[in-house]
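J.: What follows is a predicted protein model with its sequence.
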Amino acid sequence: MALAHQSRIQKKIMVFFIGTVLRHQRRNSAATALQTEIYYNDHNATSARVLCKQPLDSSTCACLLHECANKKAVVEGKLIHGHIIQTGFECHDIFLHNTLVNMYAKCGFLLDARRVLEQLPEQDVVSWTAIIAAYYSYGHLEEALAFFRQMQQAGIQANQATFASVLRVCASLEYVNQGEGIHEEIIRRGFQADIIVVNALVDMYSKCGVVNIARDLFDKMPQRNVVSWTTVIVGYAQNGCEEQAIQLFEQMQLTDAKPNAKTFASVLSACANLGALERGMEIHREAMRSGYQSDVSVGNALVDMYSKCGSIDDARALFNEICERNVISWTTMIAGYVKNGYFDEAWNLFQEMPERNVVSWTAMIAGCAQNGYIDEALELFQDMPKRNVVSWNAMLAGYAQNGYGEEALRFFCQMQLAGVKPNSKTFASVLKACSDLADRELGMGIHGKIVRSGFQSDLFVENTVIDMYAKCASIENARKEFDRMLHPDVVSWNAMIAGYAQNGLVNEAFNLFLKMPDRDVISWTAIIAGYAQNGKGDEAMKLFQQMQQSGTKLNRDTIASVLSACANLAALEQGKQIHEEMVRNGIESDVFVGSALLDMYAKCGNIEIAHKLFDKMSPRNVVAWTAMIVGYAMHGRCKEALNFFEQMQRSGVRPNPVTFLGVLSACCHAGLVDEGRLYFNYMYQHYHITPTVEHYGCMIDLLGRAGHLDEAWEFINKMGLKPDATAWMSLLGACRIYNNVRLGECAAQRLFELDSQNAAPYILLSNIYAEAGRRDDTEKVRKMMRDSRLRKEPGCSWIEVNK
């Protein structure tokens, strides 16, 4: 082909076929005249045929190899490579060599690419970068990183494209330490202002969970394009910083940068995780105006957003509108059905899928497991034709998230026996199981395995380790891990604050909160929840007011925590104000905060409003059902409480440990001893829920109130857990009612050992002695109180009056 035609080759879409002469040339060693048929499709759909009878020159070979790479036409590429060898171009043309490396690399023939690279008389940055990019593209991440090190050892300096490629590798591996080292080299080389390199740095830090550094780099960029904005928005959305993702998207709209499909998909994901339906609908309208609704990734994100916000009918309508559905479309809709309690619809859709792969099976398993359908998830897992680490993680997370700590640990052992290598998500679920079991020793063992597996610098895992130690009441170890972190992010600070609060160290939590470099809605929520959960509702409400004054937008967890504080304070009017705030933010229909709202109204004495809200809820989760059961039990309306429990079971919602506390409490208030025994045994035998000390305490109270003191004593000694003060107080109170001196003395002695400064057991024992006519013992107990300077605290009740 004449050289004059080369510009035309580069501009038009080229479909080429190597003709019969080249095929003949493969069978004959002699290089003969070359015939190549090349077809050009121009904009008028006409074609021209160019017949070449002379050998191709190096420029044309390079152009053809470029097209082979783009079309992954490796067979034709190899033929051209053979022609290059016969014509002798490879001996001196480095550009042609680099094009060959690129062709083999993009076609996935990585060993061939390496051989060509090794044969190069003079290697340059272009060929090395092509190899690194190819190994990254085909998932050989460690090898890509090794090539980058070899390139450095060979004395070849990286360029912008090399840095961008190797940073993508670090991002995928979540190797933040290596990424930081490359960042330092970028600064030394003076590339810190290059937009492609900085975008890659922002992406690397975001995917490694260090969003504060990612945001700092973004803020310092002299120029930003849509990739820059989208990368930070994606980073926020993927690291649980949904509010920041939405706020940044709103800032982006004020600039010249136009959101693309990935931008819309990420910000919609943030809205989905927040349950922010109204804001999601606004972004939906913006996507339509920008012409992106027909994009499959945006369509999938919309289905996910509407599903997670409870608008399952809208989600299905959008699913039906997606023209070219992919596996993600189907799995997102299936997960939406499962999350909203429509298991039959999810199963039917799963059966309709045109093609099921490991992703769709895993999504179905994850959907079932995350929503409490553990048995169904396990059955699906066992039926899977092929499993990967993600499948195992979905099942493992399901066990951990649903309180099946022991099962999660057994499953982790099975996973290891199956030869599946754990990743950061695996360890996070196992650590959660240790947290739920409050097994510090086991948690420390898993921590050691994490260090040996090389995940100790993984930010996600580090944050989970802090959470595990905090929940295992080892707050010193949690703080030690926090102090070791090189780059604690906002999640790390939040985990430490929540850990202090969970261990009753509210002052330490607040002091750490004041030291935070950046606070987000989760930080405020953690400290508010800490005060609310430690009986300091007034402080929680004051902090909530400060949060509103700071301009931080509320999320579901914040509202739930504040509603909890209102419930504990019986602050009905403030609870009503929060209810109005929910309506304004469009999250009243959210099942999570809706359940907290039910609980608030029930605990504030307005069970009728709670019932009306419950009737409007769709779907209803276990928290909503439990709130109603506990609410009716608290108000002494035990028949209604037990009726709700039966309805809950008929609806297919699986009760949790708190549900059974409400049921046993109802039995206790109504004196239903036989029913209480039945439900207690049913809890373990049917639902495999291991009784906690609170469950045993309810049973001891129930038996004691009914006068079955010996059975209560036997119960407390066989419970397999260390009885707490509540259990012993229940028994002591029953001994006071039925004047059982022997058991009363035993219970009182245990209470003195648990808390010698509590006056209540002294007073109850004194009354037991007095009614038994043992005046000397009565006086002895009272003297013990005087010597210890103990006195009875007056009781009080909270009521709210109109001002």
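T.: Sure thing, it's come through.

J.: Could you use CA atoms for every contact and neighbour count after this?
T.: Fine.

J.: Would you check how far apart the nearest residue to Ala570 once chain neighbours are set aside and His183 are?
T.: Of all residues not flanking Ala570 in the chain, Cys604 sits nearest, at 4.7 Å (CA to CA, 6 or more residues apart in numbering). Between Cys604 and His183 the distance is 56 Å, computed by CA to CA, to the nearest Å.

J.: likewise Tyr500?
T.: Counting by CA to CA, the gap from Tyr500 to His183 is 35 Å.

J.: Low-confidence regions, the stretch 501-650 of the chain specifically.
T.: For the stretch 501-650 of the chain, applying pLDDT under 70 flags the ranges 585-590.

J.: Tell me who's in contact with the residue nearest to Ala570.
T.: Applying CA atoms under 8 Å, 6 or more residues apart in numbering to Cys604 gives the contacts 567, 570-572.

J.: As JSON lines, those with neighbour count, secondary structure and distance to Phe218 would be great.
T.: JSON lines is the format used below for the contacts of Cys604 (neighbours: other CA atoms under 10 Å; DSSP: H, G, I helix; E, B strand; the rest coil; distance: CA to CA, whole Å):
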{"residue": "Ala567", "neighbour count": "25", "secondary structure": "helix", "distance to Phe218": "43"}
{"residue": "Ala570", "neighbour count": "22", "secondary structure": "coil", "distance to Phe218": "46"}
{"residue": "Ala571", "neighbour count": "22", "secondary structure": "coil", "distance to Phe218": "44"}
{"residue": "Leu572", "neighbour count": "22", "secondary structure": "helix", "distance to Phe218": "45"}
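
J.: all helices for the stretch 351-500 of the chain, in order.
T.: Taking DSSP state H, counting those that start in this stretch as the test, the helices found in the stretch 351-500 of the chain are 358-370, 374-383, 389-401, 405-417, 424-437, 440-452, 459-471, 475-484, 490-502.

J.: mean pLDDT lowest for which of those helices?
T.: The minimum mean pLDDT among the helices of the stretch 351-500 of the chain belongs to helix 358-370 (a mean of 79).

J.: looking at the helices of the stretch 351-500 of the chain, which is closest to Ala214?
T.: Checking the helices of the stretch 351-500 of the chain against Ala214 by CA to CA gives helix 490-502 as the closest, at 12.6 Å.

J.: What angle do helix 459-471 and the closest one make with each other?
T.: Relative orientation of helix 490-502 versus helix 459-471 (axes from the mean of the first three to the mean of the last three CA atoms, to 10 degrees): 10 degrees.

J.: Which parts of the stretch 701-803 of the chain are helices?
T.: Under DSSP H, counting those that start in this stretch, the stretch 701-803 of the chain gives helices at 709-718, 725-738, 741-754, 759-771, 775-787.

J.: most tightly surrounded among the ones you listed?
T.: helix 725-738 (a mean of 22; mean count of other CA atoms under 10 Å).

J.: So what's the gap between that helix and the chain middle?
T.: Chain-centre distance of helix 725-738: 44 Å, with CA atoms, centre = their mean, to the nearest Å.

J.: Check which helices and strands it sits against.
T.: helix 693-705, helix 709-718, helix 741-754, helix 759-771 (3 or more CA pairs under 8 Å, 6 or more residues apart in numbering; DSSP states H and E).

J.: Quick one: mean pLDDT over it.
T.: 89.

J.: how big is the angle separating that helix from helix 709-718?
T.: Going by the same axes, to 10 degrees, helix 725-738 makes 170 degrees with helix 709-718.
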